[in-house]
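Asks: my questions concern the predicted model and sequence given below.
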Amino acid sequence: MKKTIFLTALLGLFLVSTAIADPGDMLWNRTYGGSQPDWGQSVQQTTDGGYIVAGITDSFGAGPRDVYLVKTDASGNTQWTRTYGGMSYDRGYSVQQTSDGGYIVAGWTQSPSAGGWDFYLVKTDAGGHKRWSRTYGGSRMDVAYSVQQTTDGGYIIAGESQSFGVGDPDIYLVKTDADGGIVWTRTYGGRWKTEYGRCVQQTSDGGYIIAGMTDSFGAGGQDFYLVKTDADGDTLWTRAYGGSRNDYAHSVQQTTDGGYIMAGRTYSFGPGYVACYLVKTDAGGNTLWTRTYGGSLYEEAFSVQQTSDGGYILAGVTESFGAGGYDFYLVKTDANGDTLWTRAYGGNGWDHCYSVQQTTDGGYILTGITGSFGAGGHDVWLVRVAGEAPPDVAIEILPDDPPVIVPQGGSFGFTGSVTNNTEDPQVTDVWIMAVGLDPLGYYWGPFKEFHGLELDPLETLSGHFNQHVPNRAPLGFYNYIAYCGEYPSTVMDSSFFELEVIAGQFTETGEAGWILTGSFLEGDLPDLPSEFTLLSNYPNPFNAQTVIEYQLPTSSTVKLEIYNLFGQKVATLVDTQQEAGYRSVTWEDSEAASGVYFYKLTAGDFTEVKRMTLLR
């Protein structure tokens, strides 16, 4: 096992950039609206490369204020606009393109409804023509701010309700079918106090994550509030984040490591009296880190998204920077929330950004309201800015089943890909290693090196890999990193995910180190074990099932058998001829009783027995 201190000191890393425009440079901007106030609340890139913007208009529509939908081409030129609503006040806060090519828009309405204000859901076709609309709520104020299409074709809507729940208001979650019919509703919050829901997203387990604000829980008057539910909306856990003053979350997204990123404002922390506040959690909602951004005056973040490089982009408003008054504020961070660059956009008027999304070319699209430009007092403002230019050769690694939690002596799988982003042939090296997330930054590796990979123009090479973790690997969190460039001194691109090594059974067997198998090239010979090895099963003790791994340096006749404490054979897991390589078998026996069992590997002349414990 190769181990030293400070990865960067050894590698002398630097990044290769081919950018024409610097990251954050404005590429173009457009305004939409009439003589009265109009503003954008949500933007999404569409499958045709254009954009869809949802917001509010006072200039057009049937009533004094209506939901406003603007569809543009890739350059921001208007293709069509639509309004939805009745003779009273209607507002649009969230839009998403749906699987049929149309759009779903959520907001709230005071036009014909059950109460004063109700959730308002509008489904359109690809041209923005209304297919149907629905309202949800009771006799008091119910306001929706976020909608997402769910994997079953229905929709999940989040906001707050004064009509239902135990508080005034409470977070209100509505699950519908594909036609907008209610499947179930839920409320979340404390008695008599205030909870707001600002953003909802379906999570990878089929449940939901909701972010907003709570007065009932936490450290201060108001705190970030995160609610995790199952697929039926039943609470799995809740968390509050903040300080002694008021802190308010507007946006949440599940991250590739299974955790969550939240953005909003804080009065408790930061350099000014209000700062942008970013909170990163693990999959259980436990805080991993927090960051503030801003100057001496007022900053607030309304939208956050994880970017393709593993970092984050957050957008909002700044008073400390820019042309004057309030301006669009864009902050790009790395994966740890540390600032890479910031930009302000606007004029001498009042400019607020409410939504940001990374575009397919790595740039960003922003929308909000501008008082500096346009036809009216305030208009929808759409701003397109440059991102980091893609490297000539890019690398990406994605774990099979995040989050990656592996016991000592266990293994995990991942898919890797190397892409030539240019019209010319490229040659690159690839190497893979891990960095311990402790103050000393210990690293292990490289576990494997691929030298001189040849890529045709725009070609991608992909492969599946399996990483074995040694029995005596230090416990804790690591960043598992793949690099491409010229080994070892020039890094063109990198990709990583987080893994956690947990306790396993210490044995002297299998101490060969961090063994990585797999290849980017079809036909490459795999790395083979140097000796027969039976590894400790994991987990151990176990409930329901356990994994047994072994290594074969040559082709062999293999038997893997399970015996109870009395020497009686209870299962034969393997009884066949197997080629050389790294093997794993899962044992699951719903009828086996609790107790001690032994597993025996026979491969040619090699025999070894290990012990495991089943707990029911």
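Replies: Yep, it's here. Residues are numbered from 1 along each chain as shown.
Asks: so how far is Ala158 from the nearest residue to Ile157 once chain neighbours are set aside?
Replies: Counting by Cβ to Cβ, 6 or more residues apart in numbering, Val174 is the residue found nearest to Ile157 once chain neighbours are left out, at 4.5 Å. C-beta: built from backbone N, CA, C; applies to glycine. From Val174 across to Ala158, the span is 8 Å (Cβ to Cβ, to the nearest Å).
Asks: and for these two, which residues touch both?
Replies: Jointly contacting Val174 and Ala158 under the rule Cβ atoms under 8 Å, 6 or more residues apart in numbering are Ala144.
Asks: same drill for the two, tell me which one is more crowded.
Replies: More neighbours surround Ala158 than the other of Val174 and Ala158, with 31 against 27 (other Cβ atoms under 10 Å).
Asks: who does the more buried one bridge with?
Replies: Ser146, Leu173 (DSSP bridges).
Asks: output the below-cut-off pLDDT ranges for the stretch 101-250 of the chain.
Replies: By pLDDT under 70, the low-scoring segments of the stretch 101-250 of the chain are 112-115.
Asks: and the stretch 351-500 of the chain, by the same measure?
Replies: Answering for the stretch 351-500 of the chain: the residues below the bar, that is pLDDT under 70, span 437-442.
Asks: which residues in it form strands?
Replies: 351-358, 364-370, 379-385, 393-399, 404-407, 411-420, 426-436, 443-455, 460-468, 476-486, 490-502 (DSSP state E, counting those that start in this stretch).
Asks: Ala178 is nearest to which of those?
Replies: strand 351-358 (24.2 Å; Cβ to Cβ).
Asks: name the residues that touch the closest one?
Replies: Against strand 351-358 from outside (Cβ under 8 Å, 6+ apart): 39-45, 302-305, 307-308, 313-317, 322, 325-330, 345, 364-372, 381, 383, 387.
Asks: how about stretch 456-463?
Replies: With Cβ under 8 Å, 6+ apart as the criterion, stretch 456-463 contacts 415-425, 453, 455, 518-521.
Asks: among the residues you listed, the buried ones, what's the PyMOL command?
Replies: A single PyMOL command selects the buried members of the contacts of stretch 456-463 (16 or more other Cβ atoms under 10 Å):
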select buried, resi 416+417+418+419+420+421+453+455+518+519+520
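Asks: still on that earlier bit, of the strands of the stretch 351-500 of the chain, flag the one that's most buried.
Replies: Across those, averaging neighbours per residue (mean count of other Cβ atoms under 10 Å) puts strand 364-370 on top, at a mean of 27.
Asks: that strand pairs with which strands, and in what direction?
Replies: With DSSP bridges as the test, strand 364-370 pairs up with strand 351-358 (antiparallel), strand 379-385 (antiparallel).
Asks: next, format the ones you listed as TSV and append distance to Asp66.
Replies: Output for the strands paired with strand 364-370, formatted as TSV (distance: least, Cβ to Cβ, whole Å):
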stretch	distance to Asp66
strand 351-358	18
strand 379-385	13
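Asks: of all the ones you listed, which one is nearest Val491?
Replies: Once these are compared by Cβ to Cβ, strand 351-358 is nearest, at 22.0 Å.
Asks: quick one, domains of the protein?
Replies: For the chain, automatic domain parsing gives the domain ranges 1-20+390-527, 27-385, 528-616.
Asks: highest average neighbour count across the ones you listed?
Replies: Comparing the domains of the chain by mean count of other Cβ under 10 Å gives domain 27-385 as most buried, with a mean of 21.
Asks: verify the stated contact: Gly159 with Met141.
Replies: No: at 10.0 Å, Gly159 and Met141 do not qualify as touching, with contact defined as Cβ atoms under 8 Å.
Asks: got CSV for the strands of the stretch 351-500 of the chain, with distance to Ala21 too?
Replies: Shown next, in CSV, are the strands of the stretch 351-500 of the chain (distance: least, Cβ to Cβ, whole Å):
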stretch, distance to Ala21
strand 351-358, 15
strand 364-370, 12
strand 379-385, 9
strand 393-399, 18
strand 404-407, 36
strand 411-420, 21
strand 426-436, 23
strand 443-455, 25
strand 460-468, 25
strand 476-486, 23
strand 490-502, 19
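Asks: so which of these gets nearest Ser536?
Replies: Ser536 lies closest to strand 404-407 among the strands of the stretch 351-500 of the chain, at 8.3 Å (Cβ to Cβ).
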